[in-house]
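Engineer: Need coordinates for the following:
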Amino acid sequence: MADSIQQLNREYREYFLKNRTSPEEHMSFLQMFLVERGCTFGGEAMPTLLKPNFISSRQSALLKSHVERMSRALNKFIGLYLSDDRVRGIMGFSEKENRLFRIEPGYRNPLVISRLDAFLNGESLKFLEFNCDSPAGIAYADVLEEGFQVIFRKYPFLNGYRIRYARRQGRLLESLLQCYREFREIQRQFPEKPVIAIVDWADVSTRSEFELHRQHFTEHGIETIIATPQDFEIKRGRAVAGGQEVHLVYKRVITRELIEKWDEVQDFIGCIGSGLVCCCNSFRSYIVGNKKVLAVLADPRYQSVFTDRERQLIRNTIPWTAVLADVRVKYGRRLVHLKSFIPEQKDRLVLKPGNKYGGKDVYIGRETPQDVWEKVMNDHLDDDTWVVQEYVDIPTDEYPEISRSVVFKPKYVNINPFALNNRYSGTITRISDSPVINVSAGGGLVPTLTAEPLEI
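Structural biologist: Modelled structure (predicted):
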């Protein structure tokens, strides 16, 4: 099956190089399509290239199996954190964060919407971090696939392949409503059909995605508004945002940023804490969004909550990770002292903050000068907020760059599968010239499409 994907990529490249005028027209069409559909980032068409990331049906099945099992394990870890003082000590969240975690979501799985960012090399999957607080990209992925679906009608060589597309927004809405139905089993005074508020700051670069969600939810009969945390107030025992009563919050605002503006958002937090709205994701999802969770998941002392298959998955898919500190830890069968091990093994390690997103402050050892590497380590050796992780080879693939000519160049590739209520819900791919891959750090998005040859 891998051979068929290689063959498809060759055919794709050959077609582009033989039809040099068409790609430029198709790229212009795609950018216009994205702008017209609202798939924008910072006011411009979402950065993309004119080739999806094709994966085989075997790779797709592997993603489904691994993502769903890992999602269930992460939900179990949240329960472990809430019940185990030792785990809480390792994760090191603040009192304000723990106050938010003590809020009962009102539904069974505290982690509803997640994006499990990973590298897929053949049939080997490695999870690098779990974007579980307020992951973006669900609506963008749908629009990108729609645009490519239109363009692919012009590529006759694709007639020999079956290509599968996903529709994530419908699954997202169903997941939100499922949580609301569970919430309503206790809060019977709430209406059967909620008003949804999509909540984030007014100036975020992904605001266009909120408009896409609002349109989709509204088209399916669910009144939806876009609001900021500061818009919320409690009136006569009800949650109100901008004069509109709200029953269900789709929380896109980052929990860490709420804490930074704590005094400004007390009514918003109060609405959630008092059970005046159902909130997805719950604040508890932030627990597994911190990269320290990768270290604790693999710690033998805390694996009793997982099934044998979940433990095996953790061993096989999570690279060695440790909380950065002046301590001795296990590395394979060896006991190593991190303060000396990290400088000595720079080329096989990565340093990164536990709670940041967007590829910020990620230091890849083999890309970082020794003096800078050691300074970063020493600066964060005692603050208990960073992790050190074993370097994982970054997959690359060739993508077309189109101007007056077409040139295929190697790009770094990062696959980002979604899980909604523990159900695999398709994936998106990020690409970049830099090994630190993120759209906000200058990368781009392309669809991830499962392709298989039609039987003759």
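Engineer: Which positions in stretch 155-166 come out as buried?
Structural biologist: Across stretch 155-166, burial judged by 16 or more other C-beta atoms under 10 Å covers 155, 158, 161, 163, 166. All C-beta atoms are positioned from the backbone trio N, CA, C, and that covers glycine.
Engineer: Need the contact partners of it.
Structural biologist: 8, 11-12, 15, 60, 141-142, 145, 149, 152, 425-426, 449-454 (C-beta atoms under 8 Å, 6 or more residues apart in numbering).
Engineer: can you check stretch 271-278 too?
Structural biologist: Residues contacting stretch 271-278 (C-beta under 8 Å, 6+ apart): 103-107, 179-180, 183-184, 187, 190, 194, 197, 232, 234, 237-239, 246-249, 270, 279, 283.
Engineer: Would you indicate which residues of that stretch are buried?
Structural biologist: Buried, per 16+ other C-beta under 10 Å, within stretch 271-278: 271-273, 275-278.
Engineer: got it, and stretch 187-198?
Structural biologist: By 16+ other C-beta under 10 Å, the buried positions in stretch 187-198 come out as 190, 194-198.
Engineer: same check, this time on stretch 332-339
Structural biologist: Residues of stretch 332-339 classed as buried: 336, 338-339 (neighbour count, 16+ other C-beta under 10 Å).
Engineer: about what we covered before: looking at the buried residues of stretch 271-278, which one is closest to W386?
Structural biologist: Looking at these and their distance to W386, the nearest is I272, at 29.4 Å (C-beta to C-beta).
Engineer: longest strand in the protein, by residue count?
Structural biologist: strand 406-420 (DSSP state E).
Engineer: coming back round to it: any chance of the buried residues of stretch 332-339 in TSV, plus secondary structure, distance to R88 and pLDDT?
Structural biologist: Putting these into TSV (DSSP: H, G, I helix; E, B strand; the rest coil; distance: C-beta to C-beta, whole Å; pLDDT from 0 to 100) gives the following:
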residue	secondary structure	distance to R88	pLDDT
V336	strand	26	95
L338	helix	22	96
K339	helix	25	95
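Engineer: Helices of the stretch 101-250 of the chain, residue ranges please.
Structural biologist: 138-152, 168-186, 207-219 (DSSP state H, counting those that start in this stretch).
Engineer: Looking at the ones you listed, which one is packed in the most?
Structural biologist: Counting by mean count of other C-beta atoms under 10 Å, helix 138-152 has the highest mean neighbour count of these, with a mean of 21.
Engineer: Does anything pack onto that helix? Which helices or strands?
Structural biologist: helix 21-37, helix 168-186, helix 207-219, strand 423-432, strand 444-453 (3 or more C-beta pairs under 8 Å, 6 or more residues apart in numbering; DSSP states H and E).
Engineer: residues making contact with the longest one?
Structural biologist: Taking C-beta under 8 Å, 6+ apart as the criterion, the residues outside helix 168-186 that touch it are 105-108, 112-113, 138-139, 141-142, 190, 192, 194, 196, 212-213, 216-217, 220, 222, 247-248, 250, 278, 280, 418, 420-421, 423, 425-426.
Engineer: which stretches of the stretch 351-456 of the chain aren't confidently modelled?
Structural biologist: 357-359, 438-442, 456 (pLDDT under 70).
Engineer: related to what we said a few turns ago, as JSON lines, the buried residues of stretch 187-198 with distance to G122 and pLDDT would be great.
Structural biologist: Shown next, in JSON lines, are the buried residues of stretch 187-198 (distance: C-beta to C-beta, whole Å; pLDDT from 0 to 100):
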{"residue": "F190", "distance to G122": "48", "pLDDT": "96"}
{"residue": "P194", "distance to G122": "44", "pLDDT": "98"}
{"residue": "V195", "distance to G122": "46", "pLDDT": "98"}
{"residue": "I196", "distance to G122": "40", "pLDDT": "98"}
{"residue": "A197", "distance to G122": "43", "pLDDT": "98"}
{"residue": "I198", "distance to G122": "38", "pLDDT": "98"}
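Engineer: from the residues you listed, which is closest to P23?
Structural biologist: Using C-beta to C-beta, the buried residues of stretch 187-198 come closest to P23 at I198, 35.6 Å.
Engineer: I'd assumed H216 was in contact with that closest one.
Structural biologist: No: the pair I198 / H216 is not scored as a contact, 10.9 Å apart, by C-beta atoms under 8 Å.
Engineer: about what we covered before: and the longest strand of the chain, what does it pack onto?
Structural biologist: helix 2-18, helix 57-83, strand 113-121, helix 168-186, strand 396-402, strand 423-432.
Engineer: List the buried residues for the longest one?
Structural biologist: Neighbour-count burial for helix 57-83, with 16+ other C-beta under 10 Å as criterion, is recorded at 59-60, 62-64, 66-78, 80-81.
Engineer: what does the last one give?
Structural biologist: Along strand 423-432, these residues count as buried under the neighbour rule (16+ other C-beta under 10 Å): 424-432.
Engineer: mind listing what that strand pairs with, with the direction of each?
Structural biologist: Take DSSP bridges as the rule and strand 423-432 pairs in its sheet with strand 406-420 (antiparallel), strand 444-453 (antiparallel).
Engineer: Identify, out of these, the most deeply packed stretch.
Structural biologist: By mean count of other C-beta under 10 Å, the strands paired with strand 423-432 have strand 444-453 as the most buried, with a mean of 22.
Engineer: what packs against the helix or strand containing I314?
Structural biologist: Following DSSP states H and E, one finds I314 within helix 308-317. Secondary-structure packing of helix 308-317 (3+ C-beta pairs under 8 Å, 6+ apart): helix 57-83, strand 124-131.
Engineer: next helix or strand past it?
Structural biologist: strand 321-323.
Engineer: Quick check: buried residues in the very next helix or strand once past that following strand?
Structural biologist: Proceeding C-terminally, strand 321-323 gives way to strand 328-331 as the next helix or strand, assigned by DSSP H and E. Across strand 328-331, burial judged by 16+ other C-beta under 10 Å covers V329.
Engineer: From the rest of the structure, what touches strand 328-331?
Structural biologist: Contact with strand 328-331 is made by 320, 322, 335-338, 341, as judged by C-beta under 8 Å, 6+ apart.
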